[in-house]
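Chemist: Here is my input; please provide its structure:
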Amino acid sequence: MRIVVLVKEVPDTYGDRKLNLQTGLADRAASERVLDEIGERALEVALSHVDAHPETEVVVVSMASEAASPTLRKALSMGAASVLQVVDEQLAGADVGVTARVLAAAVRRVGFDLVITGNMSTDGSGGVLPAMLAEHLGVPAVTGLSSVVLSDDAVSGTRTTDHGSATVSAKLPAVSSITEALPDARFPNFKGIMAAKKKPFETVALADLGVVLDPASVAQSIMTAVEAKPPRGAGIKIEDDGTAGEQLAAFLFENRLVEG
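Modeler: Numbers count the residues shown, from 1 in each chain. Alright, predicted model coming up:
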C-alpha cells in the first residue's frame, strides 16, 4: 500500500499570526513557521499503519515555497519514506481551488492507494480541500474522521457531528481527512533524523506536473476587504459591594450563558 499524506507549513499557532493588509495573505515572515499540527496527526495515522504493516510506503506531498523545505524534512525524520514538494512562483496567492488542482496532479505523479490529510489547516481554515481533491482524483472521500481503520482494500472510521456520530467507509483508492481527535504525532528520534538526510526529497514545478495556470486566475476567490483585527476591548469589571453575586448572575443571564 502507498499512503500519501498532505502536510503544510504554517505560522506557529503559539506566536502572533498576522495578515498582510495589502495582499490579504498570511504574513509568514512575522512568526516561526512549522508543520501544521493537523498534518502531523495525519502523518501519525499513516506511520501507525506502517508500524503494523512494514511493507506500506508513506509519501509526503506539499505545495509550498522553497523556503519550506527544511520544515518539510521533519516528516522524513518522523518516518515518511519520501517527500514531493511543489514549488512554483506562479502559485503565490493560490486559493484552495487552485491548490486542490495542483495537489491532485502531485498525488497522481507519486501514485496512491490512500490520501490522508487534515480536515482544515490552521492558517486558512478552508476545510474543503479534501473533498475537492477527491473530486479531482475521481475517488471517494471519507472526511472528518475522529478514528481511522485501514485494511488492505478499504478505509473506515467515525465521523462525529453536533447531532451524533456515524461509521463511514470507502473502498480504496480514496481520500480521507482526520480531525484533532486523532493522537498527537510522534517525536523524531536521533535515528530518524539521521536517516532523513538520505531519503528522497523531490522538488517539482507546475510544468513537471503538466499543470497550466492562467496568471490572471491563480486566485479564483474574490476578497472584497481585509483589515487588522481590532484591539481587544476591556471586559466588564464587577466590584463586590455586597451585590457581586447578583450582578454576575444578571450578566450570565443577559448573555445567555446560563438558563433559568
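Chemist: what about residue 168, which SS state?
Modeler: strand (DSSP: H, G, I helix; E, B strand; the rest coil).
Chemist: beta partners for it?
Modeler: residue 157 (DSSP bridges).
Chemist: contacting residues around it?
Modeler: 142, 145, 156-159 (Cβ atoms under 8 Å, 6 or more residues apart in numbering). The way it works is simple: take the backbone N, C-alpha and C, and place the C-beta from them, glycine included.
Chemist: Put the buried members of the residues you listed into a ChimeraX selection.
Modeler: In ChimeraX syntax, the buried subset of these is picked out as below (16 or more other Cβ atoms under 10 Å):
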select :142,145,156,157,158,159
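Chemist: Closest to residue 169 out of the contacts of residue 168?
Modeler: Closest approach between the contacts of residue 168 and residue 169, by Cβ to Cβ: residue 156, at 3.4 Å.
Chemist: for the closest residue in space to that closest one that isn't next to it in sequence, what are its contacts?
Modeler: The shortest distance from residue 156 to any non-neighbouring residue, by Cβ to Cβ, 6 or more residues apart in numbering, is to residue 169 (3.4 Å). Each residue near residue 169 by Cβ under 8 Å, 6+ apart is listed here: 142, 154-157.
Chemist: repeat that for 10 Å
Modeler: 140, 142, 149, 151, 154-157 (Cβ atoms under 10 Å, 6 or more residues apart in numbering).
Chemist: got the contacts of residue 168 as JSON lines, with pLDDT and distance to residue 249 columns?
Modeler: Below are those laid out as JSON lines (pLDDT from 0 to 100; distance: Cβ to Cβ, whole Å):
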{"residue": "142", "pLDDT": "96", "distance to residue 249": "46"}
{"residue": "145", "pLDDT": "95", "distance to residue 249": "41"}
{"residue": "156", "pLDDT": "96", "distance to residue 249": "48"}
{"residue": "157", "pLDDT": "95", "distance to residue 249": "43"}
{"residue": "158", "pLDDT": "95", "distance to residue 249": "39"}
{"residue": "159", "pLDDT": "93", "distance to residue 249": "39"}
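Chemist: need the helices for this protein, in chain order.
Modeler: 37-52, 69-78, 96-110, 129-137, 190-196, 206-209, 244-254 (DSSP state H).
Chemist: Quick one: closest of the ones you listed to residue 116.
Modeler: helix 37-52 (4.6 Å).
Chemist: pLDDT of that closest one, averaged?
Modeler: Averaged across helix 37-52, pLDDT comes to 96.
Chemist: Determine the number of other residues adjacent to residue 240.
Modeler: For residue 240, the neighbour count with other Cβ atoms under 10 Å is 9.
Chemist: Could you point out which residue ranges in the stretch 151-260 of the chain have low pLDDT?
Modeler: Within the stretch 151-260 of the chain, the segments meeting pLDDT under 70 span 216-223, 260.
Chemist: Spit out the contact partners of the residue positioned nearest the centre of the chain.
Modeler: Taking Cα atoms, centre = their mean as the criterion, residue 121 is the residue nearest the geometric centre of the chain, at 3.7 Å. Residue 121 sits next to 6-10, 36-39, 96, 99, 127, 129 when contact means Cβ under 10 Å, 6+ apart.
Chemist: what does residue 248 give?
Modeler: By Cβ under 10 Å, 6+ apart, the contact set of residue 248 is 236, 238, 240.
Chemist: Keep only those of the residues you listed that are in strands.
Modeler: Nothing among the contacts of residue 248 maps onto strands, per DSSP state E.
Chemist: sorry, back to before: which among the helices of the chain is found nearest to residue 181?
Modeler: Residue 181 lies closest, by Cβ to Cβ, to one member of the helices of the chain: helix 37-52, at 9.0 Å.
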